[in-house]
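Undergrad: how would this look folded up:
(2 chains)
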Number of protein chains: 2
Amino acid sequence: MNIVKPRTLSGFMELLPGKQAQFERMLEILRKTYASYGFAALDTPVIEDAQILLAKGGGETEKQIYRFQKGDSDLALRYDLTVPLAKYVALHCNDLAFPFRRFQISKVYRGERAQRGRFREFYQADIDIIGDGKLDILNEAEIPAVIYKVFTGFGLRRFQIRVNNRKILSGFYDMLELGEKSGDIMRTVDKLDKIGAEKVAALLVEECGISQEQAEKIMAFIAIRGTNAQVLSALEGYMGRSELFDQGVQELRAVTANLSAFGVPEANFAVDLTIARGLDYYTGTVYETMLLDHPEIGSVCSGGRYDNLAGFYIEKQLPGVGISIGLTRLFYVLDEQGLLNPQLPSAPADALVLPMTQETALAIRLAETLRSSGLRVQLYGEQKKFKQKMAYADKLGVPFAVLLGEDEIAEGKCSVRNMRTGEQVKLTAQEAAEYIRSALAASNGPIILEK
Amino acid sequence: MNIVKPRTLSGFMELLPGKQAQFERMLEILRKTYASYGFAALDTPVIEDAQILLAKGGGETEKQIYRFQKGDSDLALRYDLTVPLAKYVALHCNDLAFPFRRFQISKVYRGERAQRGRFREFYQADIDIIGDGKLDILNEAEIPAVIYKVFTGFGLRRFQIRVNNRKILSGFYDMLELGEKSGDIMRTVDKLDKIGAEKVAALLVEECGISQEQAEKIMAFIAIRGTNAQVLSALEGYMGRSELFDQGVQELRAVTANLSAFGVPEANFAVDLTIARGLDYYTGTVYETMLLDHPEIGSVCSGGRYDNLAGFYIEKQLPGVGISIGLTRLFYVLDEQGLLNPQLPSAPADALVLPMTQETALAIRLAETLRSSGLRVQLYGEQKKFKQKMAYADKLGVPFAVLLGEDEIAEGKCSVRNMRTGEQVKLTAQEAAEYIRSALAASNGPIILEK
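TA: Okay, here's the model as predicted:
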């Protein structure tokens, strides 16, 4: 037989079973938390008609897209979950109740240049709320409140959701009579974290073509710092000169107040006037999320309010607000930083049943009894020596081995061995189930363990 | 703005939220059941190197594959989960404990001619157990036992897992000195359900080129019917003439005996000598699963024992046994036949909180209290009239609306309205949570409800 050397494409994450178990835990928390806020699960195709997927067109993304022909069809793989959502809502809008709230946790595809920590296939975990014509500001506080629940559910504490409002920025640039340049300016200001204030100030003058004085006013504005109350109070000084600005401040106040009602502590949530999000798409509240001990990663969860989700597909005005977690990259970084809790069992089973005799039927029944109490149980059927059976249990990393030998069968019991301590006790099947369940419950903990 | 008419490609399933909720329930049962038998979750890339994916080569499948260039890379989308498993095991074999048990529930891609009920993108839900050099027969009973748990977990009762052993068939053809033609013969016999006994007998003579007498012997053999004990007993009459045949009968006996120990009733499990599975790949036990009221669909879950999983990638001998549920097609059929339980709530939330005043913070806290008791809760933030709010609750299909008006706020309570009966009671937030939880628990039922 001709042997082809197996490999996985670079830029594609493929985890070993233990790591995959940790990733699956994160998926489960995401699904549960998103569902607890009444978001409907959605699943759209990976492949879409290229004309439809690229209706919006646009720059960098288009170059990265996997696009190909099949027969006469011009096809492409989705590069995010927002465009497929827009298509979905436009296509099915008569069947949906608005505001339409959906979550989708799916893989997306971007043929980027491969580099460490960058993926060509990666999971996004998105939530969006889409209104029909209008959408209340309350939703703009709920979105980051859900993210707070997800991140604390993971076990993270040292993170901060940063919030701003594009209307404040646009209104401010209107005051400086820089409205037309506001897009360029915001994209430049967005680089603050990466290149520092001095270089941003220089770029504003050189590349955006604004005056030194205007640049200074912008730098003073984005330098506003402090508690949320302090920042909101500082913004008051600018009010009364732009309707858009004033509206933005009111929205930001409402979002801040509501986030407190949702139980999000100020430590995890900050008004930050430097947040702009590059995309023109956003029109109101915008979000970024930083891991405070790893600012070098940039935002791990971003989004915002938009006014027109599906304008490329439908005349209907569909405003919305959404946020997206780049899950594959987040998992990669947490793992790299050693933040995945090593105490959590990552074996595929809670217990491994090891038959020591030919009485297979008894071993099967024992395994079934343990399973019916909710345990994940592997039955080892191979005819191997005791030592090899224990070596398998060790390599699997299973917390408990359950031995069924002649003595145990005679007594109507089984021997439960704690694989970490070596401790071994003889119990009935029901007792064994209870024993293992309580031991496992005690070893429960967060997925992420910050140092 | 240029409007592009939105559409979803034909052959791609895209469900409305209510249907998706039912599909998600099936996914959850699959994940839980597979995990309870100690299978590790796995997730491999959708895109693979085409040379690797097609190492095995081969006929029909190859024509259907989505294959394309990106830069210099020759890429393809996976068309099943077995080839990626073979690659994975070959690539990571030093890091895996054998027998390696994995499940994968993922989308696969086949560019078939689109027709009703056929999908180009569809979920497969696979389990496999891979041995290193050897693998005990016990595993060949466990695989259908897991499928029995999954199907009964869905609520299905009228299904039958049909089991045979390729060694019995090969041994039988050896006895007739038709060993070399056994592949052709098995593929012909496989058509029995579709074309009937007479045509199979004719094809055996015309296309496989065997004698009338030989064909009669084959037809007599595959006509063996009865209870499992009767079929096994009838097979005894053929024993002693082919070692391979005898080994197959012994294996089939062991699988049958062990399936009883796993608690699988005979009604859901039958020895069936006509099952062959077209693929040469299988070498021992083979499985097909029929919905008894819908034989026209064919097998909804098939698999078997193979001797060499990854021979195209590695010298190591990796025998295994696996089975695959074609989930998208199964769901489509169950839905078409009206078998999805309409009593199960398919709304994205258990309760919808409707604030009737401007006191948003109180409504937020009420919603959070309900959520913390495990309920899925939507908070309706739109400034609409009462009638419109109730119309939204109706369209969403939410079982309970929770109203918070001035009276309720004054009393420190909320009004819980059962949307089906119209019944409404005033309760504290904690009482409301308990009330809704017990009502929902009572309406629990199977996903599938057979008529």
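Undergrad: next up, the contacts around the nearest residue to residue A:262 once chain neighbours are set aside.
TA: Closest residue to residue A:262 apart from its sequence neighbours, by Cβ to Cβ, 6 or more residues apart in numbering or on different chains: residue A:145 at 3.6 Å. Heads up, the C-betas are built off the backbone N, CA and C, glycines and all. Residues near residue A:145 by Cβ atoms under 8 Å, 6 or more residues apart in numbering or on different chains: A:258, A:259, A:262, A:263, A:264.
Undergrad: which residues does the second one contact?
TA: To tie it back to what came earlier, the one meant is residue A:259. A:141, A:144, A:145, A:163, A:269.
Undergrad: as CSV, could you dump the C-alpha coordinates of the helix or strand harbouring the fourth one?
TA: Right, the one you point to is residue A:163. Per DSSP states H and E: residue A:163 is located in strand A:159-165. Only the C-alpha atoms of strand A:159-165 are listed here, as CSV (Å, rounded to 0.1, in the frame of the first residue of the first chain):
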residue,chain,number,x,y,z
PHE,A,159,-10.9,40.9,32.4
GLN,A,160,-12.5,44.2,31.5
ILE,A,161,-15.3,44.9,29.0
ARG,A,162,-14.6,48.3,27.6
VAL,A,163,-17.5,50.4,26.3
ASN,A,164,-17.8,53.5,24.2
ASN,A,165,-20.4,55.0,21.9
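Undergrad: on the three-state scheme, the closest residue to residue A:49 other than its chain neighbours is what?
TA: Distances taken as Cβ to Cβ, 6+ apart place residue B:9 nearest to residue A:49, at 5.9 Å, with adjacent residues excluded. Under DSSP: H, G, I helix; E, B strand; the rest coil, the three-state class of residue B:9 is coil.
Undergrad: run a quick neighbour tally on residue B:9.
TA: Counted with other Cβ atoms under 10 Å in any protein chain shown, the neighbours of residue B:9 add up to 17.
Undergrad: which phi and psi does the residue nearest to residue A:262 have?
TA: Torsion angles at residue A:145 (phi, psi; degrees, to the nearest 10) stand at phi -60, psi -40.
Undergrad: mind putting the contacts of residue A:259 into TSV with pLDDT?
TA: Shown next, in TSV, are those (pLDDT from 0 to 100):
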residue	pLDDT
A:141	97
A:144	97
A:145	98
A:163	97
A:269	96
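Undergrad: specify the beta-bridge partners of the most centrally placed residue in chain A.
TA: When Cα atoms, centre = their mean is applied to chain A, the residue found nearest the centroid is residue A:325 (3.1 Å). Beta-bridge pairing of residue A:325 under DSSP bridges involves residue A:125, residue A:301.
Undergrad: quick one: contacts for it?
TA: With Cβ under 8 Å, 6+ apart, residue A:325 has these contacts: A:30, A:124, A:125, A:126, A:147, A:150, A:300, A:301.
Undergrad: what sits against the fourth one?
TA: When contacts are counted by Cβ under 8 Å, 6+ apart, residue A:126 is found next to A:81, A:82, A:85, A:103, A:104, A:105, A:322, A:323, A:324, A:325.
Undergrad: now do the one residue in the stretch 151-300 of chain A that gets nearest to chain B, the pLDDT please.
TA: When scored by Cβ to the nearest Cβ, the stretch 151-300 of chain A has residue A:261 as its residue closest to chain B, at 3.9 Å. Note for residue A:261: predicted pLDDT of 94.
Undergrad: give me every residue that touches it.
TA: A:141, B:360, B:361, B:364, B:365.
Undergrad: what's the answer for residue A:191, then?
TA: Going by Cβ under 8 Å, 6+ apart, residue A:191 touches A:199, A:200, A:203.
Undergrad: quick one: the strands in the stretch 351-451 of chain A?
TA: Applying DSSP state E, counting those that start in this stretch to the stretch 351-451 of chain A gives strands spanning A:351-355, A:377-379, A:400-404, A:414-418, A:424-427.
Undergrad: and for the residue nearest to residue A:97 when sequence neighbours are not counted, the neighbour number?
TA: Excluding the flanking residues, the one nearest residue A:97 by Cβ to Cβ, 6+ apart is residue B:395, at 3.9 Å. Close neighbours of residue B:395, defined as other Cβ under 10 Å, add up to 13.
Undergrad: ditto for residue A:250
TA: Using other Cβ under 10 Å, residue A:250 has 15 neighbouring residues.
Undergrad: can you tell me the element it falls in?
TA: Applying DSSP H and E, one finds residue A:250 within helix A:243-261.
Undergrad: and the strands in the stretch 1-150 of chain A?
TA: Under DSSP E, counting those that start in this stretch, the stretch 1-150 of chain A gives strands at A:40-41, A:47-49, A:67-70, A:73-77, A:100-109, A:121-130.
Undergrad: can you put these in a markdown table and add mean pLDDT and distance to residue B:118?
TA: Shown next, in a markdown table, are these (pLDDT from 0 to 100; distance: least, Cβ to Cβ, whole Å):
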| stretch | mean pLDDT | distance to residue B:118 |
| --- | --- | --- |
| strand A:40-41 | 98 | 24 |
| strand A:47-49 | 97 | 15 |
| strand A:67-70 | 94 | 15 |
| strand A:73-77 | 96 | 16 |
| strand A:100-109 | 98 | 23 |
| strand A:121-130 | 98 | 26 |
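Undergrad: right, so of those, which gets closest to residue A:420?
TA: Checking the strands of the stretch 1-150 of chain A against residue A:420 by Cβ to Cβ gives strand A:121-130 as the closest, at 32.1 Å.
Undergrad: tilt between that closest one and strand A:100-109?
TA: With axes from the mean of the first three to the mean of the last three Cα atoms, to 10 degrees defining the directions, strand A:121-130 sits at 160 degrees from strand A:100-109.
Undergrad: who's in contact with the nearest residue in space to residue A:349 that is not next to it in sequence?
TA: Nearest non-adjacent residue to residue A:349, counting by Cβ to Cβ, 6+ apart: residue B:38, 3.5 Å away. By Cβ under 8 Å, 6+ apart, the contact list for residue B:38 reads A:348, A:349, A:352, A:376, A:377, A:378, A:379, B:101.
Undergrad: chain B contacts on the stretch 51-200 of chain A?
TA: A:51-52, A:55, A:66, A:68-71, A:73, A:75, A:86-88, A:90-92, A:95-99, A:101-102, A:107, A:109, A:111, A:120-121, A:131, A:134-139, A:142 (Cβ under 8 Å from any Cβ of the partner chain).
Undergrad: list buried residues within the residues you listed.
TA: Among those, those buried by neighbour count (16 or more other Cβ atoms under 10 Å in any protein chain shown) are A:52, A:55, A:66, A:68, A:70, A:75, A:86-88, A:90-92, A:96-99, A:101-102, A:107, A:109, A:111, A:120-121, A:131, A:135-139, A:142.
Undergrad: the closest residue to residue A:368 other than its chain neighbours: which element?
TA: The spatial neighbour of residue A:368 that comes closest, neighbours along the chain excluded (Cβ to Cβ, 6+ apart), is residue B:263 at 6.2 Å. Using DSSP H and E, residue B:263 falls within no helix or strand.
Undergrad: now residue A:168
TA: Using DSSP H and E, residue A:168 falls in helix A:166-175.
Undergrad: ok so, going back, nearest to chain B among the contacts of residue A:126?
TA: Proximity of the contacts of residue A:126 to chain B (Cβ to the nearest Cβ) peaks at residue A:103, which lies at 9.0 Å.
Undergrad: how about the contacts made by the closest one?
TA: With Cβ under 8 Å, 6+ apart, residue A:103 has these contacts: A:30, A:31, A:34, A:35, A:39, A:40, A:41, A:42, A:125, A:126, A:127.
Undergrad: before we move on, what about residue A:156?
TA: Neighbouring residues of residue A:156 by Cβ under 8 Å, 6+ apart: A:291, A:448, A:450.
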